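In: Dropping the sequence and predicted coords here.
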Amino acid sequence: MQNRNYRSQEHYVAPLEETPIAPIDRLDDSEKARSTWADAWDAMRRRPSFWISSALIVLILVVAAFPGLFAQVSPNLNCQLANSNGGPEAGHPLGFTRQGCDVYSRIIFGAQASVMVGVLATLLVTISGVIIGALAGYYGGFLDTFVSRVGDIFFAIPTVLGAIVLMSVLPERTPVTVALVLSIFAWPQIARIMRGAVLSARQSDYVMASTALGVSKFRILVRHVVPNSIAPVIVVATISLGTFIVAEATLSFLGIGLPPNVMSWGNDIAQAQTSIRTNPQILLYPSAALSITVLSFLMLGDVVRDALDPAARARR
């Protein structure tokens, strides 16, 4: 009898104590679900190239917006032929052009037109490409077929070549017109990327749930599909901004971009080719400014692409 009681006590298991579950709002920040953009920011800020490219881009934008803060000498009013192809001196650290204008001032003030063309063209291409690609990818049918065929036609025309033909017949050439012409031939890339992202996103569970709840298609597209499909567009737009700056410089170098009286890096490079043997430095400085600007946007685009790429995040 005693042995039997001993065995029953030996195999007795005490009931488990209930462990209280903390509410979701009381969890630590590290335990909460992180969004894609939070993960992307965490990945970008760990890379030195992100801070270097961002600092250069901010500096370039400030110079383009407020050139008078960085150059006190007027690039056009103080041109003297006596200083033609002159070297650096006090107040003129980069020397003079063939017309006797200050090279440093022309680079500072020339950033305004070049950056303006790049920013305007990027905004126009991104807005038009996102709208066209989102509508075509989400609604499909005839609209998708029509947009795809029109996009194929524009894809067959190189952007610079199409801009050359169109700019040659325009009566007025300003930074706005150059940006408009470039955007006419460059929108299909953004539209195709957005269309593919929307085609993938419209099969998601949250889209089906919203449809089952009776939410209109346009509201689902604007509130849910587009915000979840915009990441690859941001990457391409960041890289394209530098490409448009190069396209403006190419058009101006060929003499069909901005007129010679408008200061831009492309015009400075075109004017410096006549003095490349006697004074090559006046070609080097605007070319270096153009290269640094384009390289900064390419570096930032690469960092953003790696941060928003799910495969790259999984490898990290």
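Out: Looks like it arrived, so ask away.

In: quick one, helices of this structure?
Out: 2-10, 36-44, 48-65, 103-139, 141-155, 159-167, 175-201, 205-212, 217-220, 231-253, 265-272, 281-308, 310-315 (DSSP state H).

In: And those helices: which comes nearest residue 75?
Out: helix 103-139 (3.9 Å; CB to CB). C-beta: built from backbone N, CA, C; applies to glycine.

In: Identify whichever of the helices of the chain lies nearest to residue 72.
Out: Set against residue 72 and scored by CB to CB, those come closest in helix 103-139, at 8.3 Å.

In: and the angle for the closest one with helix 265-272?
Out: Orientation note: helix 103-139 sits at an angle of 140 degrees relative to helix 265-272 (axes from the mean of the first three to the mean of the last three CA atoms, to 10 degrees).

In: just checking, what packs against helix 103-139?
Out: Contacts defined by 3 or more CB pairs under 8 Å, 6 or more residues apart in numbering; DSSP states H and E place helix 103-139 against helix 48-65, helix 141-155, helix 175-201, helix 231-253, helix 265-272, helix 281-308.

In: and these as TSV, adding distance to residue 74, mean neighbour count and mean pLDDT?
Out: Formatted as TSV, these follow (distance: least, CB to CB, whole Å; neighbours: other CB atoms under 10 Å; pLDDT from 0 to 100):
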stretch	distance to residue 74	mean neighbour count	mean pLDDT
helix 48-65	16	16	93
helix 141-155	42	13	91
helix 175-201	20	22	92
helix 231-253	21	22	90
helix 265-272	15	24	88
helix 281-308	18	20	89
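
In: With distance to residue 93 added, can I get the ones you listed in a markdown table?
Out: Shown next, in a markdown table, are these (distance: least, CB to CB, whole Å):
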| stretch | distance to residue 93 |
| --- | --- |
| helix 48-65 | 15 |
| helix 141-155 | 44 |
| helix 175-201 | 27 |
| helix 231-253 | 23 |
| helix 265-272 | 16 |
| helix 281-308 | 10 |
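
In: Around the closest residue to residue 144 other than its chain neighbours, how many other residues sit close by?
Out: In this structure, residue 144 finds its nearest non-sequential neighbour in residue 136, 4.5 Å apart by CB to CB, 6 or more residues apart in numbering. For residue 136, the tally of surrounding residues (other CB atoms under 10 Å) stands at 25.

In: Then residue 275?
Out: 16.

In: quick one, what contacts the residue lying closest to it once chain neighbours are set aside?
Out: Distance criterion CB to CB, 6+ apart; nearest residue to residue 275, sequence neighbours excluded, is residue 98 at 4.9 Å. Residues near residue 98 by CB atoms under 8 Å, 6 or more residues apart in numbering: 84-85, 271-272, 274-275, 279, 282.

In: let's go with 6 Å and repeat that
Out: If a contact means CB atoms under 6 Å, 6 or more residues apart in numbering, then residue 98 has 84-85, 275 as its contacts.

In: Repeat that for residue 178.
Out: 117, 248, 257 are the contacts of residue 178 under CB under 6 Å, 6+ apart.

In: Relative to residue 123, which of those is nearest.
Out: Closest approach to residue 123 among the contacts of residue 178 (CB to CB): residue 117, at 11.1 Å.

In: from memory the closest one sits against residue 179, does it?
Out: Yes - with contacts counted by CB atoms under 6 Å, residue 117 reaches residue 179, the gap being 5.1 Å.

In: re the thing from before, want to throw the helices of the chain into CSV with distance to residue 73?
Out: Below are the helices of the chain laid out as CSV (distance: least, CB to CB, whole Å):
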stretch, distance to residue 73
helix 2-10, 97
helix 36-44, 38
helix 48-65, 15
helix 103-139, 5
helix 141-155, 44
helix 159-167, 31
helix 175-201, 23
helix 205-212, 58
helix 217-220, 54
helix 231-253, 23
helix 265-272, 15
helix 281-308, 15
helix 310-315, 47
